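Novice: Test case, fold it:
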Amino acid sequence: MAMRNPVGRVNYEPNSFGEGPRESPARGYRHFPADEGGPKVQLRPDSFADHYSQARQFFISQTPPEQRHIADALTFELSKVETPVIRERMVAHLLNIDETLGKKVGHALGLETMPKPAEAAVATRQDLDYATTGTSP
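Specialist: Below is the predicted model of the structure:
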């Protein structure tokens, strides 16, 4: 939950415009001081590093008209971005979700060459289909 709203052009990091808000160790997460045996650790599952598979699963679960609508909406919103390198960076992320989606948005934005897909901590799962979501297109 946000405790304050930073002012400025961007309020997240990493960003392309310099320093943004940083985690404050003095005010951040603290363990509850309870007597327990063994070490306390904060662990994230390996799946936490997978940033694209859920988005891919959602996108491929859509019907072709819905997929076109998503691509058109992304194109519209990214066309408002004033910094070309940020547009390219977003297309690089879209390529990890779905190659066709990334290429369609990139061409619509007028990118002369497609960027390489963004470096992913974990490869996007290709074995997921819409049936595993419990819904159908």
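Novice: could you say what helices and strands the helix or strand containing Q67 packs with?
Specialist: According to DSSP states H and E, Q67 maps onto helix 64-79. Applying 3 or more C-beta pairs under 8 Å, 6 or more residues apart in numbering; DSSP states H and E, one finds that helix 64-79 contacts helix 84-97, helix 99-108. Every residue, glycine included, has its C-beta placed from N, CA and C.
Novice: one more time with 6 Å, if that's ok
Specialist: With contacts taken as 3 or more C-beta pairs under 6 Å, 6 or more residues apart in numbering; DSSP states H and E, helix 64-79 sits against helix 99-108.
Novice: Poorly predicted segments of the protein, please.
Specialist: For the chain, applying pLDDT under 70 flags the ranges 1-2, 5-7, 11-14, 18-29, 130-137.
Novice: Centre-most residue in the protein?
Specialist: Nearest to the mean C-alpha position of the chain, counting by C-alpha atoms, centre = their mean, stands H51 at 6.0 Å.
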